[in-house]
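Peer 1: Just the structure for this:
(chains A and B)
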Protein chains: 2
Amino acid sequence: MAMKVREAERSLPSEFERGRELRQGADGTPTLSIDQLAEDVILDYVKEKDLPYNVLSEEAGFIDRKQSRTLVIDPIDGTHNSVAGIPFYSVSLAVGTKSLRDVQAGVVMNLMTRETYWAEKGKGAYKDDERIRVRAYSPSNSLFLVYLGKYSSAQNFQVARQAMRARAMGCASLEMCLVAEGKADAYYMNCEVHERSIRVIDIAASTLVLREAGGDVVDLRGKPLDMGFDLAQRSNLLGYGDDRVKEVVL
Amino acid sequence: MAMKVREAERSLPSEFERGRELRQGADGTPTLSIDQLAEDVILDYVKEKDLPYNVLSEEAGFIDRKQSRTLVIDPIDGTHNSVAGIPFYSVSLAVGTKSLRDVQAGVVMNLMTRETYWAEKGKGAYKDDERIRVRAYSPSNSLFLVYLGKYSSAQNFQVARQAMRARAMGCASLEMCLVAEGKADAYYMNCEVHERSIRVIDIAASTLVLREAGGDVVDLRGKPLDMGFDLAQRSNLLGYGDDRVKEVVL
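Peer 2: Numbers count the residues shown, from 1 in each chain, chains lettered A, B, ... in the order given. Sure, this is the predicted structure:
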């Protein structure tokens, strides 16, 4: 499914307006044409193969197909990177029943580089064919990824200052995968406006990848994050590899 | 020359330690193996073709080849992105005589995607074969790129909050080229520690690209930025497309 999205996205003509607003999506944010295109590819595939899943997606909302398991998708995470030509955006796919906690499988593919992070519950995390693991925290060589923009709390800046290096890449799923593969130490999101913080579709796959790689994802009080399969729920979060990062950041 | 660097970088085996510290570079920061590799490729090319330039580079410093013009190079801008697997790092090459102001030609290539930004003084700016221009500032659809990390001033965060969206990508040359091609509105760097702010090698090419695309690069008092061809000089800066951005940010 991720490859189908990649093929469709890569073959777009350069004049395709990725950022054209079509309407309001199911979660209230505007649907951009690139999001819609990617979602259509996935929904068509689910129908064509008659996959045994309900679907929860950014634009379509919850599609009840009378199944016990639900496919939780963010067709494009990092839409505005795609629009701006920043090569850091993904498709994110996860399967579970009710919430983050019971996600059984997840896949995050960087649509530009085709690098694919994936995990099955209890079986470890992988990037393409290689097992990945979080790294030990070394303050003098640390990299923190944070959330930045109009609605970001000043705390994001304070967290960024605690690291040797910091980036704000605008794609939570891939940023959490960088933590999972031991290239970064933390992904921190603290958004002052509830409606702009993270949704379960953004992180369902990457949370499993990070947990299976030996890290964890918590809310900003330090409690393991769980979120129901529901577009209305939003949360701030910290994803990290080494427990010491949690102590430093929270 | 940029293609030579790309070929060398792309053909590195996965076990090559991009981030291995070799020694102190000419500017005082540690030389990493990926920087050294890229610099060697360029210096070999200059010698082999006996190009009529002196060279100013990150690791080697100033190489006096008794020429009037100097090739100003950053073999890898965004080294730590390369080390972390973030597909946003470049090679930056410019030719001039004494300072930013007289740079005649500049090239910035994204080493991952091969997208190439270039300009000749007085002849406009290009991305690959297409003419590029800055965009008009639209607050509701604005993207600011800022500097983030241990030594960043809180002002970077305040600037980021003034935009609809913000990123900190860790590669000044490519960030300035995103402004030049009208995908972003500003690149702002405000570093509290002089030794960590920008050097002429980082921005010699991208400053010409941005100016030729209709934008400008200024210091934080709003004066057009000039920097001599000298690794000891450092500066903070704002690169922007539309004059209104300068009013908003400074």
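
Peer 1: tell me which element the residue in chain A positioned nearest to chain B is part of?
Peer 2: Relative to chain B, the nearest point of chain A is A:Phe157 (3.8 Å; C-beta to the nearest C-beta). C-betas here are computed from N, CA, C, even on glycine. Using DSSP states H and E, A:Phe157 sits within helix A:154-161.

Peer 1: what's next to that helix, contact-wise?
Peer 2: Residues from elsewhere that reach helix A:154-161 (C-beta atoms under 8 Å, 6 or more residues apart in numbering or on different chains): A:144, A:146-148, A:166, A:168, A:186, A:188-190, A:249, B:148-150, B:152, B:154, B:156-157, B:168.

Peer 1: Buried ones only from these, please, as a ChimeraX command.
Peer 2: Entered in ChimeraX, the line below selects the buried ones among those, by 16 or more other C-beta atoms under 10 Å in any protein chain shown:
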select /A:144,146,147,148,166,168,186,188,189,190,249 /B:148,149,150,152,156,157,168
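
Peer 1: And the helices in chain A, which stretches?
Peer 2: A:2-10, A:33-48, A:79-84, A:154-161, A:172-180, A:200-212, A:243-249 (DSSP state H).

Peer 1: what would those helices look like in JSON lines with mean pLDDT?
Peer 2: Shown next, in JSON lines, are the helices of chain A (pLDDT from 0 to 100):
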{"stretch": "helix A:2-10", "mean pLDDT": "93"}
{"stretch": "helix A:33-48", "mean pLDDT": "94"}
{"stretch": "helix A:79-84", "mean pLDDT": "94"}
{"stretch": "helix A:154-161", "mean pLDDT": "96"}
{"stretch": "helix A:172-180", "mean pLDDT": "98"}
{"stretch": "helix A:200-212", "mean pLDDT": "98"}
{"stretch": "helix A:243-249", "mean pLDDT": "97"}
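
Peer 1: is it possible to export the ones you listed to a markdown table including distance to B:Leu111?
Peer 2: Putting the helices of chain A into a markdown table (distance: least, C-beta to C-beta, whole Å) gives the following:
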| stretch | distance to B:Leu111 |
| --- | --- |
| helix A:2-10 | 19 |
| helix A:33-48 | 25 |
| helix A:79-84 | 18 |
| helix A:154-161 | 25 |
| helix A:172-180 | 18 |
| helix A:200-212 | 26 |
| helix A:243-249 | 30 |
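
Peer 1: Tell me the residues of chain A that contact chain B?
Peer 2: A:80-81, A:83-88, A:110, A:112-113, A:115, A:143, A:146, A:148-150, A:152, A:154, A:156-157, A:160-170, A:178, A:181, A:183-184 (C-beta under 8 Å from any C-beta of the partner chain).

Peer 1: buried subset of those residues?
Peer 2: For the residues of chain A next to chain B, buried by 16+ other C-beta under 10 Å: A:80-81, A:83-88, A:110, A:112, A:115, A:143, A:146, A:148-150, A:152, A:156-157, A:160-170, A:178, A:181, A:183-184.

Peer 1: what's the closest non-adjacent residue to A:Asn141?
Peer 2: In space, A:Asn141 comes closest to A:Met164 once its chain neighbours are excluded; the distance is 6.0 Å by C-beta to C-beta, 6 or more residues apart in numbering or on different chains.

Peer 1: no, scratch that, I was asking about A:Gly228
Peer 2: A:Ser99 (4.7 Å).

Peer 1: Surely the one you found touches A:Pro224?
Peer 2: No. Counting by C-beta atoms under 8 Å, A:Ser99 does not reach A:Pro224; the two are 11.5 Å apart.

Peer 1: okay, the two: which has more neighbours?
Peer 2: A:Ser99 (17 against 12; other C-beta atoms under 10 Å in any protein chain shown).

Peer 1: quick one, phi psi at A:Leu51?
Peer 2: phi -70, psi 140 (degrees, to the nearest 10).

Peer 1: what about it, how many neighbours?
Peer 2: A:Leu51, neighbours per other C-beta under 10 Å, totals 17.

Peer 1: OK, contacts around the residue nearest to the spatial centre of chain A?
Peer 2: Centroid check for chain A by C-alpha atoms, centre = their mean gives A:Ser173 as the closest residue, at 2.5 Å. By C-beta under 8 Å, 6+ apart, the residues touching A:Ser173 are A:74, A:77-78, A:90, A:92, A:108, A:202-203, A:205-206.

Peer 1: Run through the bridge partners of A:Cys188.
Peer 2: Actually, residue A:188 is Tyr. It isn't Cys. On the basis of DSSP bridges, A:Tyr188 is bridged to A:Val146, A:Leu238.

Peer 1: from what I can see it touches A:Leu143, true?
Peer 2: No. If you go by C-beta under 8 Å, A:Tyr188 and A:Leu143 don't touch, sitting 11.8 Å apart.

Peer 1: Which residue comes closest to A:Ala205 once chain neighbours are left out?
Peer 2: That would be A:Gly106: by C-beta to C-beta, 6+ apart, it lies 3.1 Å from A:Ala205.

Peer 1: I'd guessed the one you found sits against A:Ile203; true?
Peer 2: No. Counting by C-beta under 8 Å, A:Ile203 is not a contact partner of A:Gly106; they are 9.4 Å apart.

Peer 1: intersection of neighbour lists for the two?
Peer 2: Joint contacts of A:Gly106 and A:Ile203 (C-beta under 8 Å, 6+ apart) are A:Ser92.

Peer 1: who has more neighbours, these two?
Peer 2: Higher neighbour count among A:Gly106 and A:Ile203: A:Ile203, with 33 against 29, using other C-beta under 10 Å.

Peer 1: before we move on, the earlier item: mind checking pLDDT for the residue nearest to A:Asn141?
Peer 2: With respect to pLDDT, A:Met164 scores 94.

Peer 1: how close does it sit to A:Asp219?
Peer 2: Applying C-beta to C-beta, to the nearest Å, the value for A:Met164 to A:Asp219 is 26 Å.

Peer 1: next one: A:Asp77
Peer 2: 20 Å.

Peer 1: in chain A, what spans have low per-residue confidence?
Peer 2: A:27-28 (pLDDT under 70).

Peer 1: so what are the domain limits for it?
Peer 2: As assigned by automatic domain parsing, chain A contains the domains A:2-131, A:132-249.

Peer 1: okay, how far is it across stretch A:134-142, tip to tip?
Peer 2: 13 Å (C-alpha to C-alpha, to the nearest Å).

Peer 1: what do you get for stretch A:60-78?
Peer 2: End residues of stretch A:60-78 are separated by 18 Å (C-alpha to C-alpha).

Peer 1: Equivalent analysis for stretch A:204-218, please.
Peer 2: 13 Å.

Peer 1: next one: stretch A:161-181
Peer 2: End-to-end distance (C-alpha to C-alpha), stretch A:161-181: 22 Å.

Peer 1: Work out the gap between it and the centre of the chain.
Peer 2: 12 Å (C-alpha atoms, centre = their mean, to the nearest Å).

Peer 1: got it, and stretch A:158-174?
Peer 2: Remark: stretch A:158-174 is offset 15 Å from the chain centroid, using C-alpha atoms, centre = their mean.

Peer 1: same thing with stretch A:42-59?
Peer 2: Using C-alpha atoms, centre = their mean, the offset of stretch A:42-59 from its chain centre is 18 Å.

Peer 1: Ok, stretch A:29-43 next?
Peer 2: With C-alpha atoms, centre = their mean, you get 16 Å for stretch A:29-43.

Peer 1: Likewise for stretch A:120-139?
Peer 2: With C-alpha atoms, centre = their mean, you get 16 Å for stretch A:120-139.

Peer 1: A:Tyr240 - nearest residue in space that isn't next to it in sequence?
Peer 2: A:Ala186 (4.7 Å).

Peer 1: my bad, A:Ala204
Peer 2: For A:Ala204, the spatially nearest residue (C-beta to C-beta, 6+ apart) is A:Ala94, at 3.6 Å.

Peer 1: so how many other residues sit close to that neighbour?
Peer 2: Neighbours around A:Ala94, by other C-beta under 10 Å: 29.
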